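A.B. asks: the following comprises the amino acid sequence and a computationally predicted model.
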Amino acid sequence: MIDKRIASVDEAVANVFDGATVMVGGFGEAGSPIELLHALIDQGATGLTVVNNNTGSGEVGLAALIKAGRVAKMICSYPRTTNSTVFPELYRSGRVELELVPQGTLAERIRAGGAGIPAFYTQTAVGTPLEEGQERRSFNGRDYLLATGLTADFALIKGRAADPHGNLVYNKTARNFAPLMAMAARTTVVQVAEIVALGELDAEVVVTPGIFVERVVAVANPQHESVLVASGVSYP
Amino acid sequence: MSELTEGLGLTRDAMAQRVAVDIRDGAYVNLGIGIPELVAKYVPEGREVIYHTENGLLGMGPSPEEGQGDPELINAGKRQVTANLGAAFFHHADSFAMIRGGHLDLCVLGALQVAANGDLANWSTGAPDAIPAVGGAMDLVAGVKTIYVITQHCTKNGDPKLVETCSYPLTGLAVVDRVFTDLAVIDITDSGFQLVELSPGVSFDYVQERTGAPLIPIGETPSSGGTER
């Protein structure tokens, strides 16, 4: 019997180890798995390399994980957003490393990693400061840069609904990086608002097939980063 | 700027309205954050334009009514938006396949500097204490068929933003097709900045004085025989 349901967020992140690479879903607050991130802070793993488009906002979710000193390195495209103060401060004082990657290259590196493709060429960033250290090659008269696939030990993502096999659907623009990260991580942990019985998700509309998912945990009323930030919440 | 400039040139909304005139019916368009977002308000009647936002939505609509928004339905600027009838959601790899694969017709972006050869700088001033952040700008300029820039002609200090060579870190090489400013519409050609249109009451000399590279006057083609890209 395949049943990927896990009883609690704490149990779902229990084996994240020090020094692990963790992909975290979300673009801004849309799709940010706040409850899983808070469980990871409680769990205590440190020296993490985290992959996310941003670096969180306020002092909750991803920003709280960074503030707690658990993140050694961020791989992202846009580390400063509205209400993003934690990362800039630690970065300026040299306490967190940054690998800046153009957003589309970041997405494709994750997709490639999950698809077993070690590297690919892209025209993005040719002739810019972000070309530094990358191999350039010409195809059909146009220059491209070599980008390598990204994989991770864990992915923490958020969906709208899952079934016990781990088949997933998402909510609107909260989908963003999650389906790619689910493919690229050895252990993908998903928090969903609702776990439904097998057969209740239409096989034609499943976005992430369960093969890419290891653990599913129900968080019925997930918190929203903007609401927490606006009310001045700081985790823990 | 001096008193002379007061009242001269287009407002931000008028600039956005001018850009909208050049967006064809049926186009798939990505609008950058800031002034470019205003363009959506001014698409002429009778034209249908589909807006792409790189965080996973085609068919983006305006901001929701107060209290009707969903924190998980946002645009690339992380502001709440709506989804129009016929919209589609997709993940980031598909979204950037649309961009990198040349499926989008047009992208309208802001700029720090545009060079006479079409180089664009719009992601960093290169200040040593700045937190580098690029987002999707480099992917958009490298992948989208046509790149329009909408910007004030000069910085707040009065320095030209249209220059011979960008001094700020580049976003892309030779990527800009047309620039819409408060003072003029200018094409990037193989011969440099080609003036297309002056804003009402603005003279050629006035724009040239505020541009960091030679402007080719309206209707003139340079003797070097350059052709538009």
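C.D. replies: Happy to help now that I have it. Numbering: from 1, shown residues only, chains lettered A, B, ... in the order given.

A.B. asks: give me the residue from chain A nearest chain B.
C.D. replies: Distances between chain A and chain B by CB to the nearest CB are smallest at A:Gly104, namely 3.2 Å. Backbone N, C-alpha and C define where each C-beta goes, glycine included.

A.B. asks: wait, doesn't that residue sit right on B:Arg100?
C.D. replies: Yes. Using CB atoms under 8 Å, A:Gly104 is in contact with B:Arg100, at 5.7 Å.

A.B. asks: between the two, which is the more surrounded one?
C.D. replies: Set A:Gly104 next to B:Arg100 and count neighbours by other CB atoms under 10 Å in any protein chain shown: A:Gly104 wins out with 29 against 22.

A.B. asks: for that one, which three-state class applies?
C.D. replies: helix (DSSP: H, G, I helix; E, B strand; the rest coil).

A.B. asks: what of B:Gln208?
C.D. replies: helix.

A.B. asks: burial count for it?
C.D. replies: Using other CB under 10 Å, B:Gln208 has 15 neighbouring residues.

A.B. asks: repeat that for A:Val219.
C.D. replies: 20.

A.B. asks: pLDDT value on it, please?
C.D. replies: For A:Val219, the model assigns a pLDDT of 98.

A.B. asks: same question, B:Pro128
C.D. replies: Note for B:Pro128: predicted pLDDT of 84.

A.B. asks: just the element for it, please.
C.D. replies: For B:Pro128, there is no host helix or strand (DSSP states H and E).

A.B. asks: next one: the spatially closest residue to B:Leu183 that is not a sequence neighbour from chain A, what distance?
C.D. replies: Among residues not flanking B:Leu183 along the chain, B:His153 sits closest, at 4.4 Å (CB to CB, 6 or more residues apart in numbering or on different chains). Noted for B:His153: a distance of 24 Å to chain A, by CB to the nearest CB, to the nearest Å.

A.B. asks: thought B:His153 was touching B:Gly212?
C.D. replies: No. In this structure B:His153 lies outside contact range of B:Gly212 using CB under 8 Å: 10.5 Å.

A.B. asks: who has more neighbours, those two?
C.D. replies: Ranked by neighbour count (other CB under 10 Å), B:His153 and B:Gly212 place B:His153 first, with 24 against 19.

A.B. asks: what's near enough to touch that one?
C.D. replies: Going by CB atoms under 8 Å, 6 or more residues apart in numbering or on different chains, B:His153 touches B:9, B:160-162, B:181-184, B:207, B:210-211.

A.B. asks: could you rerun that using 7 Å?
C.D. replies: B:161, B:181-183, B:210 (CB atoms under 7 Å, 6 or more residues apart in numbering or on different chains).

A.B. asks: any shared contact partners between A:Gly104 and B:Arg100?
C.D. replies: Residues touching both A:Gly104 and B:Arg100 (CB under 7 Å, 6+ apart): A:124, B:139.

A.B. asks: list the contacts of A:Glu97.
C.D. replies: A:72-73.

A.B. asks: what are the bridge partners for it, then?
C.D. replies: Beta-bridge partners recorded for A:Glu97 (DSSP bridges): A:Lys73.

A.B. asks: what pLDDT does it get?
C.D. replies: Listed pLDDT for A:Glu97 reads 97.

A.B. asks: next, count neighbours for the residue lying closest to A:Asn171 once chain neighbours are set aside.
C.D. replies: Residue nearest to A:Asn171 in three dimensions, not counting chain neighbours: A:Arg160, with 4.3 Å by CB to CB, 6+ apart. Taking other CB under 10 Å as the criterion, the count of residues near A:Arg160 is 17.

A.B. asks: next up, the contacts around A:Arg160.
C.D. replies: By CB under 7 Å, 6+ apart, A:Arg160 lies in contact with A:169-171, A:192-193.

A.B. asks: what is the burial count for the nearest residue to A:Glu200 once chain neighbours are set aside?
C.D. replies: Closest residue to A:Glu200 apart from its sequence neighbours, by CB to CB, 6+ apart: A:Asp163 at 6.5 Å. Residues near A:Asp163, counting by other CB under 10 Å, number 23.
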